[in-house]
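**Q** sequence and predicted structure below; questions after.
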Amino acid sequence: KIFQGWVDESINENEKWKFKGTRKLGRKKGLAMHSTLTSRFLVPSISAQNENQEEDKEMGEVMRMILEWMILPQNSEYRAAFSMATLNSLYSPATFMEFDYCKVFQDIKEKTDKGYSKKQVIDEVLSGLQIKILDVNQVFITNICESNIQKQRAIIKRRFVDYDELKAKYEKYKNWNCLSKGIKAVLGDDGVFYDIIDDSGLIEEVKWLNRREDSEIVLLNGIYFGDDNVEANPIKHRDNFGAPRYNLVPFGYHKISNFFYFISLMNEIRDDDNLIDAMWRVVMSREFIDLEQPLFFTGIDKIDTQVIFPGATLTTDNPNAKAQSLLPPKQTNPFIALNEIEKSASEASVSETSQGVLPQASQKAFSVGLANQNAKIMTSGVRQQLALSIAQVGFLLVDIALQHLTTAEVDEITGDMKYREFILDDQFFEGKKVSKRIRFDECLIGRKMNDEEKAEMLNKIINN
């Protein structure tokens, strides 16, 4: 509610004249913090080791380039997901980035001499690296006191998806014909399944994952989708050693000891936001009253809003008629209190100067510099927490690269084994803008280059 600038518009007839707006202090601070955290997109840093536990700079550079290729806008929605995960962490106790690699086919119509025929091709939108954002109410854990998601005994992922999108992924299962729009199967307390009506028009996809048991079970509207042998449903995401791993990374603002969830920015400045809104409403309501003050008349039969309005002149023959204000004049400046509240909120997020607001002329340069330095200290802790999440993202991206992108695929036309080629344009190397290319070839397996061969190949690449 704070982040959205929610206003209680319920009306009390006796107080409907009062100002009910909000300063939206929390939202302003949240958007300023989001701009600070996303001033550049964080990319996982990769280092590699050989079988002797020695640093392998060449392979580390290759994997870094592959990860850079994976997060390009044309290859994935990483940048949008990073921005959304950072934004959600400002008001949510946790938000999650989910990583998947999919290969989904779609039917297209192809014109022939006899009309149109259907042909199956890879759906480029639903295939490849898929990154989704899951809210805190879409991921359920087993141990709230364990901060490492990989140590959770089991997790449950829940989301609502369009029927056609799920059809592309699960149509091959025999239970697909049992799935109906608007009907959801639930298990009653008596151990019997019941069908209930769901008017959302979406399908509830629930995934139960247990890393220790290497088990992943999918339910669509309560209907099982998996292998006929329920024990033969391994977790799809695997690491370099073939071991299962949860494909989720939690994001948050401030960590609470070893607690799984986080304290959000909106939670930290909640009291300041509520206080400044309460002060703002009182101040503005008083300003309205001062501009149109209620008056107390004596000796006159009737005085109301029909004769009291800006610029009105009232005359009477009654010598005893009197008019006086009902409110005493203001003795203090309420805007000083408002400034103090905003200062308190800045201490929990970013300073006004960091938001682009010019300081007052009366403020000394030292005071402005100190405020900016304190803001940097505050954001450094948030950045460190963000860096820890990005490190976990790196592990999942490396898993996907090794399992799906660096392996050979069968060419549909020739039947030969073919490796994917990675091209990065507009890369700077030794002051020059070049295009980097990674190419895998079976004939190079086990072969090593000496220093002279490396230098010769490097000069050849630069000259080209």
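**A** Perfect, thanks for sending it. Everything quoted here is computed from the prediction, not taken from an experiment.
**Q** what about the helices in the stretch 201-350 of the chain?
**A** 265-268, 270-291, 334-347 (DSSP state H, counting those that start in this stretch).
**Q** who does the second one touch, helix- and strand-wise?
**A** In this case it means helix 270-291. helix 25-37, helix 334-347 (3 or more Cβ pairs under 8 Å, 6 or more residues apart in numbering; DSSP states H and E). The C-beta positions use only the backbone N, C-alpha and C, and glycine is treated the same way.
**Q** least reliable of those going by mean pLDDT?
**A** Mean pLDDT is lowest for helix 334-347 out of the helices and strands packed on helix 270-291, coming in at a mean of 63.
**Q** for the closest residue to residue 170 other than its chain neighbours, give the beta-bridge partners.
**A** For residue 170, ignoring the flanking residues on the chain, the nearest one in space by Cβ to Cβ, 6 or more residues apart in numbering is residue 225 at 5.2 Å. Counting by DSSP bridges, residue 225 is bridged to residue 218.
**Q** ditto for residue 159
**A** So, taking DSSP bridges as the rule, residue 159 has residue 205 as bridge partners.
**Q** for it, give me its contacts.
**A** The contact partners of residue 159, taken as Cβ atoms under 8 Å, 6 or more residues apart in numbering, are 132, 134, 138, 204-205.
**Q** same thing but 10 Å
**A** Remark: with contacts taken as Cβ atoms under 10 Å, 6 or more residues apart in numbering, residue 159 is in contact with 98, 132, 134-135, 138-139, 202-207.
**Q** phi first, then psi, for the most centrally placed residue in the chain.
**A** Central residue of the chain (Cα atoms, centre = their mean): residue 85, 1.8 Å from the mean position. Dihedral pair for residue 85: phi -60, psi -40, per degrees, to the nearest 10.
**Q** okay, it: pLDDT?
**A** pLDDT, residue 85: 93.
**Q** once you drop chain neighbours, what's closest to it?
**A** In space, residue 85 is closest to residue 251, 4.5 Å off (Cβ to Cβ, 6+ apart).
**Q** show me what that neighbour is bridged to.
**A** residue 95.
**Q** isn't it right next to residue 393, touching?
**A** Yes: the pair residue 251 / residue 393 is scored as a contact, 9.4 Å apart, by Cβ atoms under 10 Å.
**Q** still on that earlier bit, ok, now which ones touch the residue nearest to residue 170?
**A** 166, 169-170, 172-176, 178-179, 205, 207, 217-219, 233.
**Q** hang on, residue 111 in a helix?
**A** No: under DSSP: H, G, I helix; E, B strand; the rest coil, residue 111 sits outside any helix and is assigned strand.
**Q** where in the stretch 301-450 of the chain is pLDDT low?
**A** Within the stretch 301-450 of the chain, the ranges that satisfy pLDDT under 70 run 301-318, 321-338, 340-378, 410-415, 427-431.
**Q** quick one: which of the contacts of residue 225 is nearest residue 157?
**A** Nearest to residue 157 out of those is residue 207 (Cβ to Cβ; 4.5 Å).
**Q** check which helix or strand covers the closest residue to the closest one other than its chain neighbours.
**A** Leaving aside its sequence neighbours, residue 207 sits nearest to residue 157 (Cβ to Cβ, 6+ apart; 4.5 Å). Using DSSP states H and E, residue 157 falls within strand 155-161.
**Q** so how far is that strand from its chain's centroid?
**A** From the chain centre to the centre of strand 155-161 is a distance of 16 Å (Cα atoms, centre = their mean, to the nearest Å).
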